[in-house]
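K.L.:
Turn this into a structure:
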Amino acid sequence: MPRYTTVKKPLDKRAAWFAQQRFGVFAHFGLYSLLQQHEWVMRHQSISRENYRKLMKRFNPRHFDADEWIRFVQRAGGRYFVLTAKHHDGFCLFDSALTDFKITNTPFGRDLVGQIVAACHRARLPIVLYYSQPDWMHPSYVHRPGCGKDWPVPRPGDTPDWSAYLHYMFGQVEELCTKYGRIDGIWFDGLNKSDSEWRGRDLYRLIKRHQPHAVVNDRAGYGDYYTPERRMATAATASGYMVEACDCVARGAWCYLPEAELRSSPSLIADLVRLSAAGGNYLLNIGPKADGSLPAAWVQRFEDIGDWLAEYGKSIYDTHGCPRPGGEESPEQLYTRRGKTLYLHLLRWPDTNRLTLGRLTKAPSSARLMGNKHHLTAEMVNGQVLLKGLPALPANTSASVIELKFNSPSFLRPAAPLPVAPRLEFTGDAPLEVRLFDAPGVFLSFKGLPLPTYPFRGQAQEDWSNLWQAEHRVAWPLRSTRAGWVEVSMEVSSGADTHGSTFTLRAGDSQMQGVIPTSGKWFRFVTVPLGRLRLPKGRFNLVMTPQNVKFPGRFGIVRKLILKPTKRSR
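P.N.:
The predicted structure is shown next:
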């Protein structure tokens, strides 16, 4: 499977409980629910702070029942619940002492977050609280024009003060971590600034100090796991590192929409299987109505998932993913495992009553179709396992599961290794071009998007190589026949909002600093000199590491480095 380079240590052992939960329920709820358009309605329609605050007088989710919500999560088979304590509009569903823009100042008058946490405690269900760092209501928040989650133009009453806003944000996160007893995680959502700007590491330490077992996602620049959004295929490639992919039953928005385009239950179950087989969690969102009730059509999809998990949850919960090696078998035949038991998920029923499994090294001691307990026969034929005796119809129309039991824990062929990147040769007689794709490995970056350093699933280089974050590290294997100095230049493209990002380039004990220049516009490449670097003799890695990414998610498109020998190196 791909090798993933991360910007942090492995998953905190105290948070290991999260790694195999596999299915969680998300809820987007707030003032925006009244308008039934989009959770970004304040920004999309440029609603002033004054007019948006007026919604507080109408906000009264009188049908809200915390225990009913949590029973719904459990009925759906959810192993944890994530609730929007504060979204980008700045409205708090909790009784924060730091603002009056909160639910306790509405006709509802109660701390909704506190009631949900208490209901989760009664049900022994883990609770994770979503907190948006971007805040459209707070006058001290510093907006950055051109950034998706920030306000595009200055507004009357703005008093930008980043230090003051960080004090507010840290204070609210600490409130969430200390007001309610045990909480099980904080789910940040602000990718428009860097780890250093959000002080992501300090936030992480704050949370862990009060809630050592809690999980923290990656969207403040530092966390325990990656969070791809509406990108199940991307999440499936992220095997090898903890991933939670979020999606919504509805297309178009995350809050309640009265005429929403809703996904089918089989497609949602298929995504749950794909994430489990990749070793990740699936977080599926519902948008409650403004009165606090749960929309029936949305609930039906969750209940369908719950019914499927009631029958097949053994193949999902607390299992290990078995990422599919590239090109082997079908993407509609996916595995999870627990000890000596392998679960084969069939997203499409086979055309005949036989099925060949090329990933297995031995035949199972038993094979049965879960759901109807139909037993199958299995034998080795030409080095592959042949299952025989499948019935004419699937046991489940969404996804059928075959349980395969083995006498030993070794029964899967290892994944084929990635092609080894060639070691580039520098002789000192001619310039050497070092392309981005000459380096091995894959990074996970902005919202868990993959940043490849080799041709990746047909994607063009320019589509992905801009997503570097601070401390990502690209290493090219080189061999130099002699030690000596080289003049380094870089072929790069950058937009007006990213030039000025800095990086280091290191070869052995020699290191240089570099700055991303402006090329005028994206995909207009320029070649710029960087300076001199001394290459050691023999084998080494040429390592490039961004230090400061001026605009998060936009470092600059580095196409190649050119190493030109100097007279002293010849």
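
K.L.:
In this structure, what residue spans correspond to helices?
P.N.:
Secondary structure of the chain, counting by DSSP state H: helices at 41-44, 49-53, 66-75, 112-123, 162-178, 195-198, 200-210, 232-236, 265-278, 296-312, 461-464.

K.L.:
For the stretch 301-450 of the chain, just list every one of the strands.
P.N.:
320-322, 333-338, 341-346, 354-357, 366-369, 374-381, 384-388, 400-405, 424-426, 432-435, 442-444, 450-452 (DSSP state E, counting those that start in this stretch).

K.L.:
where in this protein is pLDDT low?
P.N.:
1-11, 232-241, 324-329, 415-421, 441-467, 470-471, 497, 551-553, 568-570 (pLDDT under 70).

K.L.:
Pick out the residue closest to the middle of it.
P.N.:
In the chain, the residue lying closest to the centroid (Cα atoms, centre = their mean) is T227, at 1.8 Å.

K.L.:
dump the residue contacts of that one.
P.N.:
By Cβ atoms under 8 Å, 6 or more residues apart in numbering, T227 lies in contact with W187, N217, D218, R219, V243, E244, A245, C246, K447, G448. Where you see a C-beta, it was placed from the backbone N, CA and C, and this is true even at glycine.

K.L.:
which residues does the residue lying closest to it once chain neighbours are set aside form a beta bridge with?
P.N.:
The shortest distance from T227 to any non-neighbouring residue, by Cβ to Cβ, 6 or more residues apart in numbering, is to N217 (4.8 Å). N217 has the following beta-bridge partners by DSSP bridges: Y225.

K.L.:
How much space separates N217 from A250?
P.N.:
22 Å (Cβ to Cβ, to the nearest Å).

K.L.:
Ok, L561 next?
P.N.:
45 Å.

K.L.:
ok, back up a step: closest to N382 out of the helices of the chain?
P.N.:
Judged by Cβ to Cβ, the one of those that comes nearest to N382 is helix 265-278, at 25.5 Å.

K.L.:
Let me know the angle separating that closest one from helix 296-312.
P.N.:
Orientation of helix 265-278 against helix 296-312 (axes from the mean of the first three to the mean of the last three Cα atoms, to 10 degrees) gives an angle of 50 degrees.

K.L.:
who does helix 265-278 touch, helix- and strand-wise?
P.N.:
Applying 3 or more Cβ pairs under 8 Å, 6 or more residues apart in numbering; DSSP states H and E, one finds that helix 265-278 contacts helix 232-236, strand 244-248, strand 281-286, helix 296-312, strand 320-322, strand 333-338.

K.L.:
can you pull the buried residues of the fifth one?
P.N.:
For strand 320-322, a neighbour-count test (16 or more other Cβ atoms under 10 Å) marks G321, C322 as buried.

K.L.:
Repeat that for the third one.
P.N.:
Buried residues in strand 281-286, counting neighbours by 16+ other Cβ under 10 Å, are found at N281, Y282, L283, L284, N285, I286.

K.L.:
Name the surrounding residues that touch it.
P.N.:
So strand 281-286 is in contact with 18, 21-28, 82, 243-249, 254, 268, 271-272, 275-276, 294-295, 298-299, 302, 305, going by Cβ under 8 Å, 6+ apart.

K.L.:
correct me, but the residue nearest to T227 touches C246?
P.N.:
No - assessed by Cβ atoms under 8 Å, N217 is found out of contact with C246, at 9.5 Å.

K.L.:
residues in contact with T319?
P.N.:
Q20, R22, S276, T336, R337, R338, Y343.

K.L.:
Which of the residues you listed lies at the shortest distance from E68?
P.N.:
When those are compared against E68 (criterion: Cβ to Cβ), the nearest one is R22, at 23.7 Å.
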